[in-house]
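> need a structure here:
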Amino acid sequence: MERRSFTVGLLISTYNWPKALEAVLKSVMRQTRKPDEIIIADDGSGVATEHVIRKYAALMGIPFRHAWHEDEGFRKSIILNKAVKLSEADYIIEIDGDIVLHPKFIEDHVRHAQEGVFIQGPAQWWKRI
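Numbers count the residues shown, from 1 in each chain. Below you'll find the model as predicted:
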């Protein structure tokens, strides 16, 4: 199968748990295939989360995009949609802000990526759309 080149964005949702977000971003740094951008969908976190995002944006040297709105209750779907609009990637991998990634998580997604295919859960569970 012929592979085309494409950019990968990692979309991470978060809400007021900066320690978990930091653990996720540390696991991103250990990836065998780094994302081309990181998009944070922030459902109203405080300043501590912003500090974590700025720290890892400087450390990782790849574009970070931070979608944030006021905390007015659970509005995760709204902020995810706003975050997707910020992305410039061809392919977006979405995770929650408490998911520590296996070192080959992004590499595996890229390897299994196919047009018209949605991958959910482990890479071996995929569904044609």
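> quick one, what contacts Ile99?
Residues near Ile99 by C-beta atoms under 8 Å, 6 or more residues apart in numbering: Val24. (Glycine included, C-beta is placed from N, CA and C.)
> can you give me the strands for the chain?
Secondary structure of the chain, counting by DSSP state E: strands at 8-14, 37-42, 64-68, 91-96, 117-119, 126-128.
> show me what counts as buried in the longest helix seen in the chain.
Criterion DSSP state H: the longest helix present in the chain is helix 47-60. By neighbour count with 16 or more other C-beta atoms under 10 Å, helix 47-60 contains the buried residues 49, 52-53, 56-57.
> just how off-centre is it within its chain?
14 Å (C-alpha atoms, centre = their mean, to the nearest Å).
> and what of stretch 21-41?
For stretch 21-41, the distance to the chain centre is 7 Å (C-alpha atoms, centre = their mean).
> for this protein, name the helix or strand with the lowest mean pLDDT.
None of the helices or strands of the chain scores lower by mean pLDDT, DSSP states H and E than strand 126-128, at a mean of 44.
> need the contact partners of stretch 38-57.
Against stretch 38-57 from outside (C-beta under 8 Å, 6+ apart): 9-18, 21-22, 25, 28-29, 60, 62-72, 74-76, 79-80, 82-84, 86-87, 92.
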